[in-house]
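Peer 1: Prediction below, plus the sequence it came from.
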Amino acid sequence: MSEKSDPACHFPDTPAAPHWPVELARPGEAFAVLAATSDIPALLACDHATAWLPADYGGLGVEPTALHRHVAFDIGAAALTRGLCERLGLCGVFSCFSRLLIDPNRDRKSTRLNSSHT
């Protein structure tokens, strides 16, 4: 297993934890967009697409192996969403950070940036 070559991040590059959503985004963006190739008025969202963490957060103090597990991202979700987008010609929106940093799927009333279940 190799680490993503960017020294400004902590991110495992494995088949289970692809870093391509991060590469698809502009530097510093919180999400990446895969453009639609059809006129179908729909999009797919993948809010736990990656385990990427900015280096400024020092890996959040979690064991590096945690970035390869479900606690950090939804394993296979990015690949499935990307495959569906490509097959159906739909737009895809992918988060570009681990849910350990900020959970985009948390309760709107939550005062926390991540889920209390994480």
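Peer 2: Ah, there it is. Numbers count the residues shown, from 1 in each chain.
Peer 1: Need phi/psi at residue 43.
Peer 2: Note on residue 43: backbone dihedrals following degrees, to the nearest 10 are phi -140, psi 160.
Peer 1: Need phi/psi at the closest residue to it other than its chain neighbours.
Peer 2: Nearest in space to residue 43, with sequence neighbours left out and distances taken as C-beta to C-beta, 6 or more residues apart in numbering, is residue 91 at 4.0 Å. Backbone N, C-alpha and C define where each C-beta goes, glycine included. The phi/psi pair for residue 91 (degrees, to the nearest 10) reads phi -70, psi 140.
Peer 1: State whether residue 51 and residue 101 are indeed in contact, as I suppose.
Peer 2: No - when contacts are counted by C-beta atoms under 8 Å, residue 51 is not listed as touching residue 101 (9.7 Å).
Peer 1: Who has more neighbours out of those two?
Peer 2: A side-by-side neighbour count of residue 51 and residue 101, using other C-beta atoms under 10 Å, places residue 51 first with 30 against 18.
Peer 1: So the more buried one versus residue 111, what's the distance?
Peer 2: For residue 51, the distance to residue 111 (C-beta to C-beta, to the nearest Å) stands at 24 Å.
Peer 1: Perfect, I'm done here.
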